[in-house]
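Trainee: here are the coordinates; sequence isn't available:
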C-alpha cells in the first residue's frame, strides 16, 4: 500500500514532460530477483536523459508518447529490454527484476579514437596490459611490460607491432609512443626511450595495432603505444618497491667471461597526497645491473611527478614530467674470430668485439607536459596541452653527442550528439617543433643544427546507424625541414563496428605514414664498419592498412579476438648500400627504396572463468612480410609469434608463467656482413610466484627459466635466465 | 585444491619445456670452415692484414683471383700477435679446393693486387702434404682445418696461374 502511494505521488509530480500533451511518464522499481532494490539505470531509445533509480529502487522516466523501447541495466545483472505503449499525458507503472549475471566489465580505452570508448567499439585491434598484468609479472621497465602484449615483439629495444618496424638500430620507429596521450618519440632519431618513464608511474598500457596516422600523424605507421599513468587517489599513499636478483652464468664453460655471478637491484619509492581539489605524486628510483654479457653494466636514476588541480566539476589541470639519467656500457656486437680471442669458438656471444671495448653511453632524457581538460556540458569536452621532450646522449668510443628537443601542442575537442555516444565527433589541431644539435648531424664530424616543424589538423566522426557504428575521418599533416623541404600528407580512415550474435565485427581502412626523422636525413657516422652518409631529400613513407576482426565473448569465462590485416607500404625508408664512384667501398644511406606488403592474422583467446582462481591466455600472430621491390622477404620480420600465459591463485599465493615462441628470422639486413651468423628461433619461458598479505607482497620471477641462448638481431645476445625477488610495500 | 594445481602447473611446464628444449645457440658452432692457424717467421713491417679465404676451384688466372669465399664484407683479419689464432669462414656448403692465407701489403688496391698480395700458407692434403687439401663443407661439421702461416715463405698469386709468372 505504501509502495503504491509512493508510485502514485511520483507519477503525479509536476514535470516538464508529464504535463505536455505529447509526452508520458513511466514509473516503477528496479530490484534483483530476491527483491532487493537496485540503483539501476533506465533509459528509452531515441534519446533523452536516462534516469537512475533511487536507493529504494524507484525510478521515474519521461518518454515520448507512443511505442517506447526501454533498457534497464545495472552492473553485475543481466539487462532487460522492454517495449511499452503509452498514451500522451498518461503514466504507466513498470517494475523490473534483474537476474544476476557474471559480467565482465568492458574495458574503457582512450587511444584508438583519441577519446574514451568501450573496447568493443574500436575499429582497430587494441591489446591491453592491465595493472593486474603489471602486478603479476612484476616487470621492472616499461619495455618489459609492453613486450608481453599479444602481437608485439621487441628487437633490441625497437618495438614491432605486426612486423611494422623491423630493426634499424633505433633510427626511426614505426610505432608512436604516447604518455597519457602526449607524443614521446625522440625529436632527433624518432625512436623511443623506453626508460624515460618509470614503470612505477604506469597504471596500464594500450597498444593500438595498425596504422593510426588519421588521428596521430607521423610515426603511427604501424601502431600506437599509450602509457596511462596512475590516477592520484585522495589522501596519503605510498609505495616502496625493492628488487634484487642475479643473472645465470653462460651455460657452456667456453662462453664464461667472468668469475662471479652478475647481479641486479633497484629501489623505487612513490608518494602521493590528494584532496578533492589538489593532488600530487612523486616517484624516485634507481637501478643497477651488472649485465649478462661482457661490458654490459648499467646504472639508472629516475624521477617522475604528477600534479592535478580540479578547481570545479568538469575542469582538470594536470602537469606531469619525468627525468631519467642512464649510464650504460655498450655491448656493440659479439665477437667472432679476428675480433677477440674466441678461445677456439666460431663466435663468442657473451664477449664483445675488441673494437667496442670501453664504449659507454650517458643518456639523459625527460619530458614535461601540461594539460587543461574542460567538460562544459555533457555534449562537449575539450583539451589543450603543451609538452616538452628533451634527450641528451653522450657516447664514449666513439665519442659522439647529441641534444634534441621536441616541443608539442594540441587543441582537441570532442562533441557528442543528443543521443550520448550515438554520434561523436573528435577534432583538433596539433603542432610540434623538433630540433637537434649534434656532432653526427653535420658534415664530416662538424656540429650540425637541424629542425623540423609539424602542423596538423584532424577530425573523425562516429555515427550509430542501426546496430552499426560507422567511423570516418582524416588528418592533414604539413612538414617543414630546416625551413625548406616541405611536405604535406593526407591520412584518411574509415571504419565500422557491428555487434551481432556471433561477436562484434570490426573493419577499418586507413592510411599510415612516417616522415623521415632528422637522423635519417642528416646523420653521418659509422656503423658495422661502414660509413653512414646523409640523405636530406627523403620523402615520407606511406601505407594503406586494412583490417577485419571479430571479438567474441565466450559466456562468462573468456573472450576470443581475431583479426586479418593487410598493409601495402610504399617508399619504405631502409638502410641501403650505395657505391658512388670514385669510392671503392660501399656506404650506408637511408633511402626510399622499398614497396612492401605485410599481411597476416592476429588472434587471442583470453580465459578468465568467473570466480575461478585460474586465468590463461593464448595469442598468436602470423606475419607474411614481403619486399615487393626485390620479391623477397622483408628483413627482421619473424613469421610466427606465439604467447601462452597462465596464472593460478590460491589464497595469498599465486603462481604463473609465460611462454613465448618467435620463429627464426628468415632474412636480416646487411646479409653480406652477418649472413653467416647462426640464427635460431626464440623459445622463452618465464615463471613467477607471488605472495600477498595486506600491504606487503613478495614476488619471485625467473625470466628465461630454461636459459635458452638466442639472438634476434645480429650478434646481439638476448637476456639469459634472470632470477629476481621483488618486495613491495603499499600504503 | 593443491593437487590439481600441481598437475596443471606441471603439465604447463612440461609442454613449455618440450617446446623450448635445446636448439638455442650452441658453443663451437662452425659457420662453414673453421680451424686454427699457427705462425712462423717474422711479420713484415709493410703488413696491412692477413686473411683466410677459400676457393671452390683453384685460381689459375688473374680473373679468378677474387672468386674466393666468403664475400669481402665478411672477411676478418687474423690477430697478428704471434699466438695461434682460431678462424671461422662463413661459407656455403660445397667443395673447396683451396683454403689459403692471404697476406695483404699496405697500399693494396685492385689494380696492384699481383704485387701487394701473397699466399702465406694453405691447408694441405693430409695424405700428400705437398698438395692443397680439399675441404667439403656440408651439413655435418668438417674437421678442424688447421695449417701454418709462414711469413718467410710467401708467394705471389701469379705463381699459381697457368702459365705461372716467371
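Mentor: Looks like it came in fine. Being a predicted model, the structure only gives us computed values, none of them experimental.
Trainee: for residue A:269, give me its contacts.
Mentor: A:238-241, A:283-285 (CB atoms under 8 Å, 6 or more residues apart in numbering or on different chains). (Glycine included, C-beta is placed from N, CA and C.)
Trainee: helix/strand/coil for whichever residue of chain A sits closest to chain B?
Mentor: Closest approach between chain A and chain B, counting by CB to the nearest CB: residue A:676, at 2.0 Å. Secondary structure for residue A:676, judged by DSSP: H, G, I helix; E, B strand; the rest coil, is coil.
Trainee: got the contact list for it?
Mentor: Residue A:676 is in contact with B:31-32, B:70, B:74, B:90-91, counting by CB under 8 Å, 6+ apart.
Trainee: so which of the residues you listed reach chain A?
Mentor: Among those, proximity to chain A is found for B:31-32, B:70, B:74, B:90-91 (CB under 8 Å from any CB of the partner chain).
Trainee: these in helices, which ones?
Mentor: Counting by DSSP state H, those place none of their members in helices.
Trainee: which helices and strands sit right next to the helix or strand residue A:648 falls within?
Mentor: Using DSSP states H and E, residue A:648 maps to strand A:640-650. When contacts are defined as 3 or more CB pairs under 8 Å, 6 or more residues apart in numbering or on different chains; DSSP states H and E, strand A:640-650 packs onto strand A:614-627, strand A:653-662, helix B:2-20.
Trainee: by contact count, what packs against the second one?
Mentor: When you say that, I think you mean strand A:653-662. Using 3+ CB pairs under 8 Å, 6+ apart, strand A:653-662 sits against helix A:131-137, strand A:640-650, strand A:682-693, helix B:2-20.
Trainee: ok, the nearest residue to residue A:609 once chain neighbours are set aside - how many residues close by?
Mentor: Distance criterion CB to CB, 6 or more residues apart in numbering or on different chains; nearest residue to residue A:609, sequence neighbours excluded, is residue A:557 at 4.2 Å. Residues near residue A:557, counting by other CB atoms under 10 Å in any protein chain shown, number 15.
Trainee: confidence-wise, which helix or strand of the chain is lowest on average?
Mentor: In the absence of a named chain, chain A is used. Least confident helix or strand, chain A: helix A:2-12 with a mean of 43, by mean pLDDT, DSSP states H and E.
Trainee: run through chain A and note the low-pLDDT ranges.
Mentor: Flagging of chain A using pLDDT under 70 yields the residue ranges A:1-21, A:46-48, A:102-105, A:169-170, A:528, A:610-611, A:672.
Trainee: quick revisit: so which of the contacts of residue A:269 are in strands?
Mentor: Assignment to strands by DSSP state E places the following of the contacts of residue A:269 there: A:238-241, A:283-285.
Trainee: most neighbours out of these, which is it?
Mentor: The most crowded member of the ones in strands among the contacts of residue A:269, judged by other CB under 10 Å, is residue A:283 (24 neighbours).
Trainee: export the ones in strands among the contacts of residue A:269 to CSV and tack on distance to chain B?
Mentor: CSV is the format used below for these (distance: CB to the nearest CB, whole Å):
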residue, distance to chain B
A:238, 34
A:239, 29
A:240, 30
A:241, 26
A:283, 34
A:284, 37
A:285, 32
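Trainee: got the contact list for stretch A:227-238?
Mentor: Residues outside stretch A:227-238 that contact it (CB under 8 Å, 6+ apart) are A:110, A:142, A:177-180, A:197, A:201-206, A:269-276, A:279-281, A:306, A:308, A:320, A:730-731.
Trainee: list the contacts for residue A:664?
Mentor: Taking CB under 8 Å, 6+ apart, we find residue A:664 in contact with A:638, A:679-681.
Trainee: parallel or antiparallel, list what pairs with the helix or strand where residue A:464 lies.
Mentor: Using DSSP H and E, residue A:464 falls within strand A:448-465. Using DSSP bridges, strand A:448-465 pairs in its sheet with strand A:420-438 (antiparallel), strand A:468-481 (antiparallel).
Trainee: setting aside sequence neighbours, what's the nearest residue to the residue of chain A closest to chain B?
Mentor: Closest to residue A:676 by CB to CB, 6+ apart is residue B:90, at 2.0 Å.
Trainee: that neighbour against residue B:73, yeah?
Mentor: No - look at residue B:90 against residue B:73 with CB atoms under 8 Å: they stay out of range, at 10.6 Å.
Trainee: of those two, who's got more company?
Mentor: Neighbour comparison, residue B:90 and residue B:73: the larger count goes to residue B:90, with 23 against 17 (by other CB under 10 Å).
Trainee: that one: what's it in contact with?
Mentor: Each residue near residue B:90 by CB under 8 Å, 6+ apart is listed here: A:675-677, B:31-32, B:70, B:74.
Trainee: tell me the confidence at the residue in chain B positioned nearest to chain A?
Mentor: With CB to the nearest CB, the shortest gap between chain B and chain A falls at residue B:90, namely 2.0 Å. Model confidence at residue B:90, given as pLDDT, is 83.
Trainee: how near is it to residue A:290?
Mentor: Relative to residue A:290, residue B:90 is positioned 31 Å away (CB to CB, to the nearest Å).
Trainee: quick one: contacts for the spatially most central residue of chain B?
Mentor: Nearest to the centroid of the C-alpha atoms of chain B, with distances taken as CA atoms, centre = their mean, sits residue B:89, at 3.3 Å. The contact partners of residue B:89, by CB under 8 Å, 6+ apart, come to B:31-34, B:52-54, B:69-70, B:99.
Trainee: if we use 7 Å, what do you get?
Mentor: B:32-33, B:52, B:54, B:69-70 (CB atoms under 7 Å, 6 or more residues apart in numbering or on different chains).
Trainee: just checking, residue B:54 touches residue B:31?
Mentor: No - under the criterion of CB atoms under 7 Å, residue B:54 makes no contact with residue B:31, lying 12.0 Å away.
Trainee: would you confirm that residue A:609 contacts residue A:559?
Mentor: No - using CB under 7 Å, residue A:609 makes no contact with residue A:559, being 11.8 Å away.
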